[in-house]
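1. have a look at this fold, sequence not included:
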């Protein structure tokens, strides 16, 4: 998934925005069924902090090592 998508997922999890999280999950390719199911389950169980913890290393890595342009 793109860095923009990851950032949106992170922000939506921080805000506990179920609607945005579910909309973002629909953008995941069908070939990534495990990721779709896992994130959906976390959202349905209101496990937003777990999503934040999973995504945070990706956000921090991007800030540390931005893509060269």
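-> In hand now; what should we look at? Since we're looking at a predicted model, the values are computed, not measured.

2. mind checking which helix or strand of this structure has the lowest mean pLDDT?
-> Ranked by mean pLDDT, DSSP states H and E, the weakest helix or strand in the chain is helix 48-64, scoring a mean of 84.

3. go ahead and name everything in contact with it.
-> With CB atoms under 8 Å, 6 or more residues apart in numbering as the test, helix 48-64 has contacts from 3, 6, 7, 9, 10, 13, 14, 16, 21, 39, 42, 43. The way it works is simple: take the backbone N, C-alpha and C, and place the C-beta from them, glycine included.

4. give me the buried positions along that helix.
-> Residues 48, 51, 52, 54, 55, 59 are the ones in helix 48-64 that count as buried (16 or more other CB atoms under 10 Å).

5. JSON lines for these, including distance to residue 27?
-> Shown next, in JSON lines, are those (distance: CB to CB, whole Å):
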{"residue": "48", "distance to residue 27": "18"}
{"residue": "51", "distance to residue 27": "15"}
{"residue": "52", "distance to residue 27": "19"}
{"residue": "54", "distance to residue 27": "17"}
{"residue": "55", "distance to residue 27": "15"}
{"residue": "59", "distance to residue 27": "18"}
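
6. any stretches of the chain with poor pLDDT?
-> Low-confidence segments of the chain (pLDDT under 70): 61-69.

7. contacts only, for the residue nearest to the spatial centre of the chain.
-> The chain has residue 9 as the residue nearest its centroid, 3.5 Å off, counting by CA atoms, centre = their mean. By CB under 8 Å, 6+ apart, residue 9 lies in contact with 1, 21, 24, 51, 55.

8. helices of the protein, residue ranges please.
-> For the chain, the helices defined by DSSP state H occupy 3-14, 18-25, 33-44, 48-64.

9. what packs against the second one?
-> Applying 3 or more CB pairs under 8 Å, 6 or more residues apart in numbering; DSSP states H and E, one finds that helix 18-25 contacts helix 3-14, helix 33-44.

10. out of those helices, deepest packed?
-> Using mean count of other CB atoms under 10 Å, the stretch among the helices and strands packed on helix 18-25 with the largest mean neighbour count is helix 3-14, at a mean of 16.

11. that helix: how far from the chain's middle?
-> Averaging C-alpha positions (CA atoms, centre = their mean, to the nearest Å) puts helix 3-14 5 Å from its chain's average.
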